[in-house]
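In: A structural model of the following input is requested.
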Amino acid sequence: MTSQRSASSLPIQNPVLKGFNPDPSILRVGDDYYLATSTFEWFPGVQIHHSRDLRNWRLLTRVLDRPGQLDMTGNPDSGGIWAPCLTHSDGLFHLIYTDVKYWKREPYKVAYNYLVTAPDITGPWSDPVFLNSSGFDPSLFHDDDGRKWLLNMLWDHRKQNNRFAGILLQEYCPRTRKLIGPIKNIFTGTDRKLVEGPHLYKRDGYYYLLTAEGGTEYAHAATLARSRTIEGPYELLPGKHLLSSWGHPEITLQKAGHGSLVETQHGEWYLAHLCGRPIDGRHCTLGRETALQKCEWHDDGWLRLAHGGILPLVETAAPLGLPPAPFEDEPWDGRFDSPVLDLHFQSLRRPITEDWLSLGDRSGYLRLKGGEPTVSTFRQSLIARRVQSFDIRVETSVEFQPESFQQMAGLIAYYDTENHYYLRLSHDEQLGRTLNIIATDAAESRELLEHDIPVPAHGGIDMRLTLKGAALQFEYAVADGDWQPIGPVLNGAILSDDHSHLGFTGAFVGLCCQDLTGRGLHADFPHFLYLEQDAIKPPSASASAFALDHATAPAL
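Out: A predicted model of the protein is given here:
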């Protein structure tokens, strides 16, 4: 039984990074392991998690934390930071990433690839070096002869051709900080198509090219190929794919693909890969997450999953010789009585600055100064954190004195500008302060309740949100009174990549304030409590179907 096993033999439980942590790039430096993941339109850019045992991970830092490194003002939903690659060489950490400015409408993509470096994982990180814009998902390979090589997928906008046209290779000169020499297309993928996400490794005289294929949905896969020379030609792993969930809807970890590899101190190998856990066979409300699978090298020189086959497991064998190393960090108590914002919060597209968010203007409160509406891709006053559990409760209180219907503040459940629910406190000319829910689904917004609910003219309004699978419910309370439901049970499945359009993020919960008059009226929040209440597995299909059947998707 598990309880009788020694702690060192307990398996790794997947996903190791729950809730919107896709496109993992894994790295070991000495005894420390790091995972870099995509952040898209959320600022600061590129999350770095840290571990010493591959079981226990904690959010350590974010790399792109100042305007000189990252300006996403106006970036589209699910634009911004795509597929970072974290490496270490010559005493420096190197981070390669894409900033996507335009992607949804065919045939073009505007995607700029950059490099930043730092002597320490927590920074300071350098200003970015522009590399190219021929495609996205760049990575940097440090060869054992001292040369460095940039890889990225090639985007072909021509209608008659495969848009995902292959993996480009070009040398990078660290002295001049420029790409040099010829550009070569070294791998065009398999019949799964949509080749992207390249990472290159060298072992026993072979270059091993790991790529993602099939698109980052249910046909996703990780494909492995090798060559004696860096420029190819590359031969495919027998069976083509190292990992995929496609065709097996019964397993927990779906969408498996887009991986990277790491070798432990003791010569064991692990694949970090993205995955998704649908609540109903389709909707992954937690977004794309990160899992680990143990791998083994075979006598034929190929790497394969240690448990056989290509399907990902919820439990994978832990590394030998690495005892459990849990972190002792005290969880944040949810009160805004510190001058530093909790690390789990991020903002949309722009840096958090005193001109719109303050922890010092009023002691013990977070103050948001009203910005643009929740559909804006420019200057929203919104902070939020990832939803990392299928069963959560979130509580806050808002002190806000709106003078116009154009001024709002409150609690939001957010996927992107086109899909979110917002319990807002505002002003009505006849009723005074009122509550209503703004429901935005497939880019159409309306106030969900036919009539606003009046609340007292002064004092804080308590707000609560519960999310159980696909069932989302708002509540409110006045003057320490009892909690009262507001609005129907809502369809939380709209907070997923899989709802009305292709997206790449996940569900967030947070606080926001709008002032459409442009006067910047502020709202004050004394706390933000985020509580997880479920185990690691998603709800059963029957429970999720029940939740969806009993949730009300607004007819917009």
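In: tell me the phi and psi of Gly492?
Out: phi -70, psi -10 (degrees, to the nearest 10).
In: What's the separation between it and Glu532?
Out: 15 Å (CB to CB, to the nearest Å). Where you see a C-beta, it was placed from the backbone N, CA and C, and this is true even at glycine.
In: who's more crowded, those two?
Out: A count of neighbours by other CB atoms under 10 Å puts Gly492 above the other of Gly492 and Glu532, at 30 against 14.
In: pLDDT score for that one?
Out: The model reports Gly492 with a pLDDT of 97.
In: how about it, what does it touch?
Out: With contacts defined as CB atoms under 8 Å, 6 or more residues apart in numbering, Gly492 is in contact with Thr285, Ala413, Leu467, Gly469, Ala470, Ala471, Leu472, Ala507, Ala547, Ala551.
In: How is the chain divided into domains?
Out: For the chain, automatic domain parsing gives the domain ranges 18-316, 346-549.
In: what's the helix or strand for the residue of the chain positioned farthest from its centre?
Out: Of all residues in the chain, Gln430 has its C-alpha farthest from the mean position, at 42.7 Å, by CA atoms, centre = their mean. Gln430 is located outside every helix and strand, with elements delineated by DSSP states H and E.
In: Same check on Leu168?
Out: Using DSSP H and E, the element containing Leu168 is strand 164-173.
In: what do you get for Tyr112?
Out: Taking DSSP H and E as the definition, Tyr112 sits inside strand 110-118.
In: What angle do strand 164-173 and that strand make with each other?
Out: Taking axes from the mean of the first three to the mean of the last three CA atoms, to 10 degrees, one finds strand 110-118 and strand 164-173 inclined to each other by 40 degrees.
In: by contact count, what packs against the strand holding Leu168?
Out: When contacts are defined as 3 or more CB pairs under 8 Å, 6 or more residues apart in numbering; DSSP states H and E, strand 164-173 packs onto strand 148-155, strand 178-187.
In: could these go into JSON lines alongside distance to His458?
Out: Shown next, in JSON lines, are the helices and strands packed on strand 164-173 (distance: least, CB to CB, whole Å):
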{"stretch": "strand 148-155", "distance to His458": "56"}
{"stretch": "strand 178-187", "distance to His458": "61"}
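In: I figured Leu516 hits Gln406, correct?
Out: Yes: under the criterion of CB atoms under 8 Å, Leu516 makes contact with Gln406 at 3.8 Å.
In: which of these two has more neighbours?
Out: Taking other CB under 10 Å, Leu516 and Gln406 do not tie; Gln406 has more neighbours (17 against 14).
In: thought the more buried one was touching Arg519?
Out: No: applying CB under 8 Å as the test, Gln406 and Arg519 come out as separate, 9.3 Å apart.
In: shared neighbours, these two?
Out: Common neighbours of Gln406 and Arg519 are not found (criterion: CB under 8 Å, 6+ apart).
In: Check what pLDDT Ala553 gets.
Out: The model reports Ala553 with a pLDDT of 39.
In: Quickly find the element holding the nearest residue to Glu268 once chain neighbours are set aside.
Out: Spatially, and ignoring its direct neighbours in sequence, Glu268 is nearest to Pro319 (5.0 Å; CB to CB, 6 or more residues apart in numbering). Counting by DSSP H and E, no helix or strand carries Pro319.
In: repeat for Ile48
Out: Using DSSP H and E, Ile48 falls within strand 45-51.
In: Strand 110-118 and that strand, what's the angle between them?
Out: Using the same axes, to 10 degrees: strand 45-51 against strand 110-118 is 40 degrees.
In: Remind me what strand 45-51 packs against, helices and strands.
Out: strand 32-37, strand 58-64, strand 80-89, strand 92-102.
In: contact partners of the shortest one?
Out: Read it as strand 32-37. Contacts for strand 32-37 (CB under 8 Å, 6+ apart): 16-17, 21-28, 46-52, 54, 57, 60, 63, 84-86, 95, 121, 262, 272, 290.
In: Adjacent strands (with direction) for that strand?
Out: Here strand 32-37 is paired, per DSSP bridges, with strand 25-29 (antiparallel), strand 45-51 (antiparallel).
In: need the contact list for Asp137.
Out: Asp23, Trp82, Ala83, Thr98, Asn152, Met153, Glu196, Gly197, Pro198, Ala212.
In: Report how many residues lie close to the closest residue to it other than its chain neighbours.
Out: Leaving out its chain neighbours, the residue that sits closest to Asp137 by CB to CB, 6+ apart is Ala83, at 4.2 Å. Neighbour count for Ala83, taken as other CB under 10 Å: 31.
In: What separation is there between Ala83 and Arg379?
Out: Distance, Ala83 to Arg379, using CB to CB: 27 Å.
In: got it, and Ser496?
Out: Using CB to CB, Ser496 is found at 26 Å from Arg379.
In: of these two, who's got more company?
Out: Set Ser496 next to Arg379 and count neighbours by other CB under 10 Å: Ser496 wins out with 25 against 15.
In: Now do the contacts for the more buried one.
Out: By CB under 8 Å, 6+ apart, Ser496 lies in contact with His283, Cys284, Thr285, Gly287, Tyr415, Gly506, Ala507.
In: per-residue pLDDT, it?
Out: pLDDT, Ser496: 95.
In: go on, Lys184?
Out: Per the predicted model, pLDDT is 98 at Lys184.
In: Likewise for Gln533?
Out: Gln533 is given a pLDDT of 89.
In: Any idea what the residue lying closest to it once chain neighbours are set aside is bridged to?
Out: Using CB to CB, 6+ apart and skipping residues adjacent in sequence, the residue nearest Gln533 is Asp391, 4.4 Å away. As for beta bridges, Asp391 partners with Lys468 under DSSP bridges.
In: let's number from 283 now, not from 1
Out: Okay, residue one is now 283; in that scheme the one you just asked about reads as Asp673.
In: burial of Asp673, as a residue count?
Out: Asp673 has 15 neighbouring residues, counting by other CB under 10 Å.
In: mind listing what His332 touches?
Out: Listed by CB under 8 Å, 6+ apart, the contact partners of His332 are Asp314, Tyr315, Tyr316, Trp339, Arg340, Leu342, Ile403.
In: for it, which residues make a bridge with it?
Out: Tyr316, Arg340.
In: ok, so what distance separates it from Leu309?
Out: For His332 relative to Leu309 (CB to CB), the value is 10 Å.
In: Spell out the residue ranges of the strands in the stretch 433-582 of the chain.
Out: 446-455, 460-469, 478-485, 488-495, 503-509, 517-526, 536-545, 551-558, 571-579 (DSSP state E, counting those that start in this stretch).
In: any idea how far Tyr396 lies from Leu432?
Out: 11 Å.
In: Mind listing the shared neighbours of the two?
Out: Common neighbours of Tyr396 and Leu432 (CB under 8 Å, 6+ apart) are Ile378, Leu413.
In: quick one: pLDDT of the closest residue to Val544 other than its chain neighbours?
Out: In space, and not counting its chain neighbours, Val544 is closest to Ile308: 4.4 Å by CB to CB, 6+ apart. If you check Ile308, the pLDDT there is 98.
In: who touches Asn434 in this structure?
Out: Per CB under 8 Å, 6+ apart, neighbours of Asn434: Asn395, Asn414, Ser416, Gly417, Phe418, Asp419, Pro420, Ser421, Ile449, Leu450, Pro480.
In: Buried members of those into PyMOL, please.
Out: A single PyMOL command selects the buried members of the contacts of Asn434 (16 or more other CB atoms under 10 Å):
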select buried, resi 395+414+416+417+418+419+420+421+449+450+480
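In: May I see the contacts of Asn434 organised as CSV, with distance to Ala607 added?
Out: As requested, those are exported to CSV (distance: CB to CB, whole Å):
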residue, distance to Ala607
Asn395, 34
Asn414, 39
Ser416, 41
Gly417, 38
Phe418, 34
Asp419, 31
Pro420, 32
Ser421, 28
Ile449, 36
Leu450, 39
Pro480, 31
